[in-house]
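*Asks:* quick one, structure for this:
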Amino acid sequence: MIKVSFIGSGRMASAIVTGILRNKCYTPDEVACTGGNDDTATILSKKTGISVFDSEKIPELTSILILACKPQQLEQLSDTLATQSEGKIIISILAGTNLEKLKIKYPNAKVIVRSMPNTPGQIGKGITAYVPSEPLSSNDQKIVENILGSLGKTLSVPEEKMDQVTALSGSGPAYIFEFTAGLIESGIKLGLSQDEAELLAKETVYGAACLMNQSLDKPDELRNQVTSPGGTTEAALGVFKKEGLRTIICEALTAANNRSIELR
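*Replies:* From the prediction side, this is the model:
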(Lines give C-alpha, C1' and ligand atoms only; values in the text may rest on other atoms or scores of the structure.)
Protein backbone atom coordinates (compact mmCIF):
# COMPACT_ATOMS: atom_id res chain seq x y z
CA MET A 1 0.00 0.00 0.00
CA ILE A 2 1.67 3.20 -1.22
CA LYS A 3 1.14 6.11 1.18
CA VAL A 4 3.78 8.57 -0.05
CA SER A 5 4.51 9.31 -3.71
CA PHE A 6 7.35 11.47 -4.99
CA ILE A 7 7.19 13.45 -8.22
CA GLY A 8 10.91 13.69 -8.90
CA SER A 9 13.73 11.45 -7.72
CA GLY A 10 16.74 13.74 -7.48
CA ARG A 11 19.02 14.51 -4.55
CA MET A 12 16.48 16.07 -2.20
CA ALA A 13 13.86 13.42 -2.96
CA SER A 14 16.51 10.79 -2.29
CA ALA A 15 17.41 12.53 0.98
CA ILE A 16 13.78 12.57 2.15
CA VAL A 17 13.20 8.95 1.16
CA THR A 18 16.37 7.85 2.94
CA GLY A 19 15.41 9.90 6.00
CA ILE A 20 11.84 8.69 6.37
CA LEU A 21 12.96 5.08 5.94
CA ARG A 22 15.83 5.53 8.41
CA ASN A 23 13.47 7.11 10.95
CA LYS A 24 10.93 4.32 10.32
CA CYS A 25 8.19 6.80 9.45
CA TYR A 26 7.34 4.56 6.50
CA THR A 27 8.48 1.24 5.06
CA PRO A 28 9.80 0.84 1.48
CA ASP A 29 6.53 -0.76 0.35
CA GLU A 30 4.66 2.40 1.43
CA VAL A 31 6.75 4.77 -0.73
CA ALA A 32 6.97 5.24 -4.50
CA CYS A 33 8.64 7.66 -6.90
CA THR A 34 8.67 8.75 -10.50
CA GLY A 35 11.28 10.66 -12.47
CA GLY A 36 11.71 12.47 -15.74
CA ASN A 37 13.48 11.23 -18.84
CA ASP A 38 16.46 9.93 -16.89
CA ASP A 39 17.19 6.96 -14.64
CA THR A 40 17.00 8.75 -11.27
CA ALA A 41 13.78 6.96 -10.25
CA THR A 42 15.25 3.54 -11.08
CA ILE A 43 18.44 4.36 -9.17
CA LEU A 44 16.48 5.55 -6.12
CA SER A 45 14.29 2.46 -6.25
CA LYS A 46 17.29 0.11 -6.33
CA LYS A 47 18.99 2.04 -3.54
CA THR A 48 16.03 2.10 -1.14
CA GLY A 49 13.62 -0.63 -2.21
CA ILE A 50 10.73 1.74 -2.94
CA SER A 51 8.51 1.38 -6.01
CA VAL A 52 8.57 3.31 -9.29
CA PHE A 53 5.30 4.47 -10.83
CA ASP A 54 4.20 5.95 -14.13
CA SER A 55 4.24 9.75 -13.93
CA GLU A 56 0.74 9.84 -15.45
CA LYS A 57 -0.89 7.91 -12.60
CA ILE A 58 -0.31 8.32 -8.86
CA PRO A 59 -0.61 5.04 -6.91
CA GLU A 60 -4.27 4.74 -5.90
CA LEU A 61 -3.97 4.80 -2.10
CA THR A 62 -1.40 7.60 -1.93
CA SER A 63 -2.34 10.15 0.71
CA ILE A 64 0.80 12.31 0.53
CA LEU A 65 2.23 13.68 -2.71
CA ILE A 66 5.68 15.26 -2.61
CA LEU A 67 6.66 17.60 -5.43
CA ALA A 68 10.41 17.20 -5.78
CA CYS A 69 10.97 17.96 -9.46
CA LYS A 70 12.66 21.10 -10.79
CA PRO A 71 10.54 24.26 -10.35
CA GLN A 72 10.41 24.88 -14.10
CA GLN A 73 8.92 21.42 -14.58
CA LEU A 74 5.79 22.19 -12.54
CA GLU A 75 3.80 23.41 -15.53
CA GLN A 76 4.90 20.38 -17.54
CA LEU A 77 3.38 17.91 -15.09
CA SER A 78 0.34 16.07 -16.38
CA ASP A 79 -3.01 17.70 -15.67
CA THR A 80 -4.31 14.29 -14.64
CA LEU A 81 -2.20 14.66 -11.51
CA ALA A 82 -4.44 17.55 -10.45
CA THR A 83 -7.48 15.29 -10.51
CA GLN A 84 -5.64 12.49 -8.74
CA SER A 85 -4.37 14.85 -6.03
CA GLU A 86 -7.87 15.56 -4.73
CA GLY A 87 -7.99 15.19 -0.94
CA LYS A 88 -4.25 14.57 -0.63
CA ILE A 89 -1.56 16.38 1.34
CA ILE A 90 0.87 17.96 -1.11
CA ILE A 91 4.35 18.91 0.09
CA SER A 92 6.37 21.03 -2.32
CA ILE A 93 10.13 21.52 -2.14
CA LEU A 94 10.15 23.60 -5.33
CA ALA A 95 12.25 26.73 -4.81
CA GLY A 96 10.54 30.01 -5.61
CA THR A 97 7.13 28.40 -6.17
CA ASN A 98 4.54 30.08 -3.98
CA LEU A 99 1.31 28.68 -2.58
CA GLU A 100 -0.83 30.65 -5.01
CA LYS A 101 0.81 28.98 -8.01
CA LEU A 102 0.59 25.56 -6.36
CA LYS A 103 -3.09 26.01 -5.50
CA ILE A 104 -3.86 26.94 -9.09
CA LYS A 105 -2.18 23.74 -10.26
CA TYR A 106 -3.73 21.54 -7.54
CA PRO A 107 -7.00 23.24 -6.47
CA ASN A 108 -8.57 20.17 -4.87
CA ALA A 109 -5.70 19.11 -2.61
CA LYS A 110 -6.52 18.66 1.06
CA VAL A 111 -3.68 21.01 2.01
CA ILE A 112 -0.53 22.24 0.27
CA VAL A 113 2.69 22.76 2.18
CA ARG A 114 5.38 24.92 0.63
CA SER A 115 8.84 24.17 1.99
CA MET A 116 12.43 25.31 1.54
CA PRO A 117 15.00 22.65 2.52
CA ASN A 118 18.75 22.99 2.06
CA THR A 119 21.45 20.61 0.89
CA PRO A 120 22.76 19.51 4.33
CA GLY A 121 19.44 17.68 4.48
CA GLN A 122 21.19 15.04 2.36
CA ILE A 123 22.95 13.91 5.55
CA GLY A 124 20.11 14.75 7.94
CA LYS A 125 21.76 18.01 9.06
CA GLY A 126 19.61 20.49 7.17
CA ILE A 127 16.97 22.98 8.16
CA THR A 128 13.66 23.22 6.34
CA ALA A 129 11.27 26.14 6.63
CA TYR A 130 7.67 25.50 5.63
CA VAL A 131 4.26 27.10 5.40
CA PRO A 132 0.89 25.35 4.85
CA SER A 133 -1.90 26.74 2.69
CA GLU A 134 -4.19 26.50 5.73
CA PRO A 135 -3.81 25.51 9.39
CA LEU A 136 -2.81 21.86 9.75
CA SER A 137 -4.68 19.39 11.90
CA SER A 138 -2.58 17.82 14.64
CA ASN A 139 -2.31 14.61 12.62
CA ASP A 140 -1.32 16.39 9.40
CA GLN A 141 1.16 18.51 11.36
CA LYS A 142 2.80 15.31 12.61
CA ILE A 143 2.95 13.89 9.08
CA VAL A 144 4.56 17.04 7.68
CA GLU A 145 7.04 17.32 10.55
CA ASN A 146 8.02 13.65 10.20
CA ILE A 147 8.66 13.97 6.48
CA LEU A 148 10.47 17.31 6.47
CA GLY A 149 12.15 16.46 9.78
CA SER A 150 13.87 13.57 8.03
CA LEU A 151 16.18 16.22 6.54
CA GLY A 152 17.06 17.77 9.91
CA LYS A 153 15.35 20.57 11.82
CA THR A 154 12.16 22.34 10.74
CA LEU A 155 10.81 25.86 11.14
CA SER A 156 7.28 27.06 10.47
CA VAL A 157 7.21 30.58 8.97
CA PRO A 158 4.62 32.81 7.28
CA GLU A 159 4.85 32.73 3.49
CA GLU A 160 5.96 36.34 3.21
CA LYS A 161 9.26 35.26 4.80
CA MET A 162 10.00 32.39 2.41
CA ASP A 163 12.08 34.53 0.03
CA GLN A 164 14.28 35.61 2.94
CA VAL A 165 14.52 31.98 4.05
CA THR A 166 15.62 31.02 0.55
CA ALA A 167 18.28 33.73 0.58
CA LEU A 168 19.64 32.75 4.00
CA SER A 169 19.33 29.01 4.56
CA GLY A 170 18.32 27.78 1.11
CA SER A 171 21.33 29.30 -0.63
CA GLY A 172 23.37 29.57 2.58
CA PRO A 173 25.37 26.34 2.23
CA ALA A 174 26.89 27.69 -0.99
CA TYR A 175 28.16 30.73 0.92
CA ILE A 176 29.86 28.47 3.46
CA PHE A 177 31.37 26.36 0.69
CA GLU A 178 32.66 29.48 -1.06
CA PHE A 179 34.20 30.81 2.16
CA THR A 180 35.82 27.44 2.79
CA ALA A 181 37.19 27.36 -0.75
CA GLY A 182 38.64 30.81 -0.07
CA LEU A 183 40.33 29.57 3.09
CA ILE A 184 41.88 26.68 1.16
CA GLU A 185 43.06 28.89 -1.69
CA SER A 186 44.55 31.44 0.70
CA GLY A 187 46.25 28.73 2.77
CA ILE A 188 47.94 27.39 -0.35
CA LYS A 189 49.12 30.90 -1.29
CA LEU A 190 50.65 31.21 2.18
CA GLY A 191 52.65 28.02 1.64
CA LEU A 192 50.49 25.10 2.78
CA SER A 193 50.05 22.08 0.53
CA GLN A 194 46.64 21.40 -1.07
CA ASP A 195 45.97 18.49 1.32
CA GLU A 196 47.06 20.46 4.37
CA ALA A 197 44.97 23.49 3.46
CA GLU A 198 41.87 21.39 2.69
CA LEU A 199 42.09 19.43 5.94
CA LEU A 200 42.68 22.51 8.07
CA ALA A 201 39.91 24.53 6.38
CA LYS A 202 37.25 21.81 6.37
CA GLU A 203 37.89 20.75 9.96
CA THR A 204 37.95 24.35 11.14
CA VAL A 205 34.60 25.15 9.51
CA TYR A 206 33.08 21.89 10.72
CA GLY A 207 34.37 22.30 14.26
CA ALA A 208 33.30 25.94 14.48
CA ALA A 209 29.82 25.04 13.23
CA CYS A 210 29.49 22.25 15.81
CA LEU A 211 30.70 24.52 18.61
CA MET A 212 28.34 27.31 17.55
CA ASN A 213 25.41 24.88 17.43
CA GLN A 214 26.11 23.43 20.86
CA SER A 215 27.17 26.59 22.68
CA LEU A 216 24.79 28.88 24.55
CA ASP A 217 26.91 31.84 23.46
CA LYS A 218 25.96 33.88 20.41
CA PRO A 219 28.26 33.89 17.34
CA ASP A 220 29.60 37.37 18.20
CA GLU A 221 30.48 36.16 21.69
CA LEU A 222 32.23 33.07 20.35
CA ARG A 223 34.20 35.27 17.96
CA ASN A 224 35.33 37.45 20.86
CA GLN A 225 36.53 34.37 22.74
CA VAL A 226 38.96 33.63 19.90
CA THR A 227 40.10 37.23 19.52
CA SER A 228 42.97 38.42 21.72
CA PRO A 229 43.81 42.15 21.69
CA GLY A 230 46.66 42.74 19.27
CA GLY A 231 46.69 39.11 18.14
CA THR A 232 46.48 37.35 14.79
CA THR A 233 42.70 36.94 14.81
CA GLU A 234 42.17 40.63 15.50
CA ALA A 235 44.42 41.45 12.56
CA ALA A 236 42.34 39.27 10.24
CA LEU A 237 39.02 40.57 11.56
CA GLY A 238 40.28 44.11 11.04
CA VAL A 239 40.56 43.37 7.32
CA PHE A 240 37.03 41.94 7.27
CA LYS A 241 35.72 45.09 8.91
CA LYS A 242 37.71 47.42 6.67
CA GLU A 243 36.49 45.64 3.53
CA GLY A 244 32.90 45.59 4.78
CA LEU A 245 32.38 41.83 5.05
CA ARG A 246 28.98 42.15 6.73
CA THR A 247 27.86 44.67 4.13
CA ILE A 248 28.89 42.26 1.39
CA ILE A 249 26.97 39.44 3.10
CA CYS A 250 23.87 41.63 3.39
CA GLU A 251 24.13 42.64 -0.26
CA ALA A 252 24.50 39.00 -1.27
CA LEU A 253 21.42 37.90 0.69
CA THR A 254 19.46 40.85 -0.70
CA ALA A 255 20.39 39.78 -4.24
CA ALA A 256 19.30 36.21 -3.52
CA ASN A 257 16.06 37.46 -1.90
CA ASN A 258 15.27 39.66 -4.90
CA ARG A 259 15.96 36.82 -7.32
CA SER A 260 13.66 34.54 -5.34
CA ILE A 261 10.91 37.15 -5.68
CA GLU A 262 11.53 37.32 -9.46
CA LEU A 263 11.16 33.54 -9.74
CA ARG A 264 7.69 33.42 -8.17
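*Asks:* contacts only, for residue 112.
*Replies:* For residue 112, the contacting residues are 90, 91, 92, 99, 102, 103, 106, 132, 133, taking C-beta atoms under 8 Å, 6 or more residues apart in numbering as the criterion. Yep, even glycine has a C-beta here, placed from its N, CA and C like the rest.
*Asks:* the fourth one: neighbour count?
*Replies:* Residues within reach of residue 99, counting by other C-beta atoms under 10 Å, total 17.
*Asks:* tell me which helix or strand of the protein sits lowest on mean pLDDT?
*Replies:* Using mean pLDDT, DSSP states H and E, the weakest-scoring helix or strand in the chain turns out to be helix 80-84, at a mean of 85.
*Asks:* now do that helix: distance to the chain's middle.
*Replies:* The chain centroid and the centroid of helix 80-84 are separated by 26 Å under C-alpha atoms, centre = their mean, to the nearest Å.
*Asks:* and the contacts of the very next helix or strand once past it?
*Replies:* Next along the chain after helix 80-84, taking DSSP states H and E as the criterion, comes strand 89-92. Contacts with strand 89-92, where a contact means C-beta under 8 Å, 6+ apart, come from 63-67, 102, 106, 109-115, 130, 140, 143-144, 147-148.
*Asks:* 7 Å - rerun?
*Replies:* Strand 89-92 is contacted by residues 63-67, 102, 106, 109-115, 140, 143-144, 147 when judged by C-beta atoms under 7 Å, 6 or more residues apart in numbering.
*Asks:* any idea how far residue 132 is from residue 142?
*Replies:* Distance, residue 142 to residue 132, using C-beta to C-beta, to the nearest Å: 13 Å.
*Asks:* of these two, which one has the most company?
*Replies:* Neighbour tally, residue 142 and residue 132, criterion other C-beta under 10 Å: the higher count belongs to residue 132, 19 against 13.
*Asks:* which SS class is the residue nearest to the more buried one when sequence neighbours are not counted?
*Replies:* Nearest non-adjacent residue to residue 132, counting by C-beta to C-beta, 6 or more residues apart in numbering: residue 113, 4.8 Å away. Under DSSP: H, G, I helix; E, B strand; the rest coil, residue 113 falls in the strand class.
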